[in-house]
Structures are given as C-alpha cells and as structure tokens.
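# curious how this folds, go ahead:
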Amino acid sequence: MSEQTITCSSCSAPNALPLEGDRCRFCGSELQFPEEPLVDFGEPLDPEPSVSDPPIVNPPAPLADFEVFDLPEAVAATEPPVVPVVKVVRPVPIARVSSAGEAPTLSRTRIEPPTPIVREQAVEVEEAKPRIFLALAVLLAVVVAFALGLSVIVYAVWIGFKSVAKPQQKAEVEKVQPANGTGKNLPDPGSEKKAPLPNVKGSAEVEPSPIGPKNPLIPKPPTVSSREMAPPPRERLVPTFLPERALPITPARLEDDVTTQPLGATVSDTCAGGGGRYFILLSGTSKKVLIFDVSKAEVVKSIAVDSAKVLIAAGMTQLMIYSPDSDLLSRHSLITFDKEASVENPFPSKIVQMTMGSASAGPLLVWPGRSRRDSASTDVGFIDPSTMAIFDFDHRPKATDFDHKSIMHFRASPDGRVFTAWTTSQTQRLYTFVRRGDTIAEYQGDKSGIAIPTSDDIVVAGAGLYGPNAKQIYGDSEVPKNRLRVPAQSGPFYISCPGGGGVQINSGPNDVSMPTKLYLFGQSNPIATIPKLDLPVSNEGWTTDTFTQDKRIHFVPEANLIAVIPVHNTGITLCRFDAYDAVEKSNANYLYVRGRPPIAVPGEIYRYAIDAKSRPTKVQYKLMTEIEGMIITADGRVIWEVPTSRKEDVSVTVKLSNSDNITRDYTFTIPVRRKNKP
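Just a heads-up that it's a prediction; the model follows:
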C-alpha cells in the first residue's frame, strides 16, 4: 500500500498523511482536502443488525470530530426509537475490513444526516382532521333540519287553529240572538271590553303572524303580489230552498157543506203555509197570528205579536213574521209552532212587503219600499230563512224598474220558483221574477190585475192566464174578461169569482150575480160550478190596502175545501168541494196531471210515474226537454240517470195528448239534492 499525500495550495509542497492539525508541514497553511466518493457499504444496514451478520470494524474517531444533537425526550421515547442526528464536523477516515483479511483501507467519507422517522400517531392525527370537520358539518345540518321541521309543524298547527277558530268566531257573530223585552237583540256581556270581531261594520281583524317570533333558521317567505295571494275561485253554493219534509193534508170533516166559524178576532191579512195545509190569519186589532189547519178545520195555534202592522209569510215548515215597530224578523216552526230565531232587519229600510212559496223553504222575497234616507224606492231583496241572512242572487229586480208612486203587491208560487208583482193606482204593469239557480230572470208585461204564480209555470191573473215571461198565453170563456181568478194550492185548478180581479174597470159590482166556476189549466170551458161564496165584490184597481181579494180565498183540493174570509172579517167560511170528483163527474174531456214529482239524488236512478188523468183514458207522452240520460216510457214513466255532479233543480216539459186531440205541456221541476248522511 503506497503512502498517500496531499499538495499544499500555498507552497505546493507534498504533505504525507496522516497530518496533525490539517496544516502544511512546510508553510503552515490550511490544507484543502478533495472530496472523496462515498464508501460503498454494500447492503443497507438494519436498525438492529442480527447476530449472524459479519461485524463491521470502524476505527475509533476522536469525539471532537463529531457533534451529536440531543433530541427531545418525547421523540427519543418513541417505539421504535428514532436514530439521533449526527453532523460531521470534519472528514473522518473510515476503514473497512475486506473479506480476505487485508488491512483496512482508509478513505475520507462524508456522512449525510439520516431522514428522521415520522411517528404513525402524527400521520393518523393529520388524516383525522378532515373527518372531524365532516362530522361537525353533519351535526350542524341535523340541527338546521330539526329547527326547520319544528317551524313547519308550528306553522301548520297555527293555520289549523285559525281555520277552526275563524268559522267559530263568524258563527258566534252571526248567531241568532233571542229577543229581549224591548224586541232588540241582547248585547254580548262585556262586549265593550272585547276587540272588534270580524264581519262587524266598522271593525277590522288584525291577523297575527302565523310563524311567531323570528327564527334565523327559517327562510323568509318570498314576496308575492295581491293577485297571486288571492284564493282560487270556488264554486258558489246555492241553496235548493227545498223543504226537508212535506206536511200531509187530509180531507176536512165538516158537518155541513158550507159553514162559518167565528174567530173572535178581526182578520187584516192572510198567507198560506204548510203546502196549503195552514191558512195563516193576522188579526191586527188583537195583535195575534192565528194558524188555521184545513185538515182539522180549526185554529190550532195563536201567536202573540208586538205590532198591529206585522207582515207574515210562510213556507212548508216555516212561518216568518216581521214587526216594523221593533224592526225584527222572526222565524217560527209550523211543526212545533215554537219560535226558532229572531234577527234585526238586515236591510237599511223597514220592510213594506214580503212573500214566500207556501210549499217551499224559501227564499223570502222582501221589498223595503222607500229608504229611510230618501224617498226613492229600494231594490227587491231575498233572505234565506234557514240562515236568516240576505242571499244575493247574481241578478235581482232593481227599484228603477218600479213606478215609485205605485203600490206594489208581491206573490210567490208554492214551490218558491216564480214571483210576481203588480201595481195599483198607477200603470198596473205586471212583473215576473223567475229563479234559476243563483240568478233571477226578470220580465215585464201589460196590466193584468191581481197576478198569482203557480208551480205549473202559469200565472193566473185578473185579465187571463200568463206564462212566467209575463206574456198572456190563453184565456177562458168568462164574460166580462176581467175576473178575480185564484189558483189552487196544488193541482191544475183555478176558480173564477165575481169581481174585477184588480183591473182598473168598474165591472166589479155588476158581477155579484155571477157564480164561481172551476177551471182546469189549458181548458177554456168551466168544469163545474161552485156554490156562491160570500166574497166582497170590488175591482180593487185603485186600492192601497195589501189585503186584496185573492188573500181572502184558500183553495186546497187535497182537503176538499175552499176557505173564505167574508166581508165582515170576523170569521171564516168553509165550503166542502171535491175538485177531482167534480172533474170526474163532468161531461168535459180533460187532461191533467195529479201529484208532485219526487226528489232526485245525484248518482242514482230517478223514476217518476206521471199520474195523468184523462178522458179518453189513452194518453201519449213525449219528452220535450233534452236532458242527458233522461227518457220517458210509453206509459209515462220518467227515468233519469242523475249525474253525480248535478246540484241544481231540473225543469222538464212533457207533452201529453189523448185520443180526443187534447194536448197539454206539463212542465214540472225535479228537485235535486244529496242524501243526508245518517
């Protein structure tokens, strides 16, 4: 092995190794050692070499040539232990023993500091950080969702409470109050301390916030326009005004064919109710309303009133009484005769006239007459007797159509579908109002005198017979033409009595000797002659009294009775008369229909056998009204598959004819209503 030397960069003298102090032996300058390549140790050393590995001999080096960096105790205590970091201060000769046993060869090698070992726990902590943030985000989302769900539940409960509470408040406000001693409604105790309720004039309801206190987690609802906030249009619910039941009528038992019963009171007005069973009499001087039952031929109830000028009108099961003194409208039952309700007049003016169909459940037609604030006439109005509230039809008669200087008289057909009005003391124009669903069709005609509508779409008037459109259709053989004509409460009959029938002529007093006659609709010749009735004969063309001649006669074929209020007004005359038997005994050929059509139920099959009475007996039927699903058989049975969506009544016309070429258009109304749930 040759001696190794190093040349001094200052004096260029060779210096033999080893040296002391790393300085030139000749000039003392610091020597510059060239870099030596790293020694190849072969296979990498294990942190803990096994015993079987061959030993590696390294010559000891002075401690001054190395600096050992102390590690923190936390790092030094890790498993496995971390190798200390060693910095080489100066090149150190390292010898390696060869496998052949030769002397070690010295070389200068620079030891690089090893890469520190990172703990697995630190890596796990770094990897766990995203999972922690994800868990926090999920927890926050759960909290937000819970808050939103709770808010939605609170809002739904609030809306449900309002939907229940509002109708209850409205019902309490509109609830019919019993009348006190003065006739006015009793005030609500403590009402001066209560907040204004809805539907009360001059008050407004303040709606609380449905969400309650502000919540930052609840999103603010979007702003919408008033058009978008408007509720969707709903189908208008129109009452059918059909009675829940029909009162039975049986023939009256009379000792004589004609008898007069004293009433113990003076009659000042009348109306019909119970489908004709009740003849209701007002005694203004006695301040009583007497209910006369034609089936029993006696007064069955007396109702005290607070005014001599009350107005009365009745339906099948309801009696309406209006008192102008107290300005109250009350409803009494014609089944129990008890007072059911009383409300203040809902119109701005006091009611002057009112009428109602005797076999209906309304509506009640009222005419307030002239307003309290001015002399102009007000419009005709309608009240639903079941609710005692105004029912506004889409079109109703206007006051401008009436002659304000005239006296108006109003009548209703028994089924409450056709109303008539005529005037006295002026033009005597005829008005008809036909109810169709939620609308009122209005017609006008020439002067007709007293005009009374029937359920057969025929208006019986002093000048003849008219249709519901106020146009005259035919007359009878009476001479003179103008007579008092009064239809029956049911059936195709009317009677012609002495008198001018309300037409402006002076023939009334000359008709005293003329008999009363029975007529059938559609026939010009009389069927029978009725014994003389004690009627006051007058044309009443200029009367200002509402107790006109037609109100004195109550003709009920089912009871075999004609009741009359005689001229002295203190009693009632009862005349036994069987109209159906009179028709059978007559020599005339006839054709008419008896009875009323039944009620139709949506979704069910409707059947109605027309009870046609004819001479000759052979009758042919033809359905003139085109209604989907409706047919008529050869023997006169109407069969109709009622649509489930049907809600309104149906008007049907059937043409009847017999072998004697007598024809008649039979028009009837099929009442449609749903079954009451058990």
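
# can you give me the strands in the stretch 501-650 of the chain?
516-520, 528-530, 553-556, 561-564, 571-576, 590-594, 605-609, 611-615, 619-623, 630-632, 637-641, 650-658 (DSSP state E, counting those that start in this stretch).

# closest to Ala313 out of those strands?
strand 553-556 (14.8 Å; Cβ to Cβ). To be clear about C-beta, it is placed using only N, CA and C from the backbone, and glycine gets the same treatment.

# packing partners for the closest one?
strand 484-487, strand 493-497, strand 561-564 (3 or more Cβ pairs under 8 Å, 6 or more residues apart in numbering; DSSP states H and E).

# what's in contact with that strand?
249, 270, 272, 276-277, 279, 294, 486-490, 493, 495, 497, 533, 535, 561-564 (Cβ atoms under 8 Å, 6 or more residues apart in numbering).

# restricting to C-alpha, output it in CSV.
Taking Å, rounded to 0.1, in the frame of the first residue of the first chain, the C-alpha atoms of strand 553-556 are listed here in CSV:
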residue,chain,number,x,y,z
ILE,A,553,-159.6,32.7,-0.7
HIS,A,554,-157.7,29.5,0.3
PHE,A,555,-158.4,26.6,-2.2
VAL,A,556,-157.0,23.2,-1.1
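
# partners of it, with directions?
If you go by DSSP bridges, strand 553-556 pairs up with strand 561-564 (antiparallel).

# the partner strand: which residues count as buried?
Residues of strand 561-564 classed as buried by neighbour count (16 or more other Cβ atoms under 10 Å): Leu561, Ile562, Ala563, Val564.

# just confirm His393 contacts Thr439, I think it does.
Not quite, residue 393 is Phe, not His. Yes - assessed by Cβ atoms under 8 Å, Phe393 is found in contact with Thr439 at 5.8 Å.

# look up how far Pro251 lies from Pro239.
Using Cβ to Cβ, to the nearest Å, Pro239 is found at 33 Å from Pro251.

# walk me through the domains of this structure.
Annotated domains of the chain cover 1-40, 258-585, 590-670 [automatic domain parsing].

# determine which stretch of those is the most buried.
Of all the domains of the chain, domain 258-585 carries the top mean neighbour count, a mean of 20, counting by mean count of other Cβ atoms under 10 Å.

# let me see the mean pLDDT of that one.
For domain 258-585, the mean pLDDT works out to 88.

# got the contact list for Lys618?
Asn658, Ser659.

# likewise for His332?
Residues counted as contacts of His332 (Cβ under 8 Å, 6+ apart) are Ile303, Gln318, Leu319, Met320, Ile321, Asp338, Lys339, Glu340.

# now, these that are in strands?
Taking DSSP state E, the ones among the contacts of His332 that sit in strands are Ile303, Gln318, Leu319, Met320, Ile321, Lys339, Glu340.

# for the residues you listed, work out which two are farthest apart.
Top of the distance list for the ones in strands among the contacts of His332 (Cβ to Cβ): Ile303 and Gln318, 13.2 Å.

# for the residue nearest to Asn658 when sequence neighbours are not counted, name its beta-bridge partners.
Of all residues not flanking Asn658 in the chain, Ser614 sits nearest, at 4.7 Å (Cβ to Cβ, 6 or more residues apart in numbering). On the basis of DSSP bridges, Ser614 is bridged to Leu591.

# next: the one 5 residues further on.
Using DSSP bridges, the beta-bridge partners of Val619 come out as Asn658.
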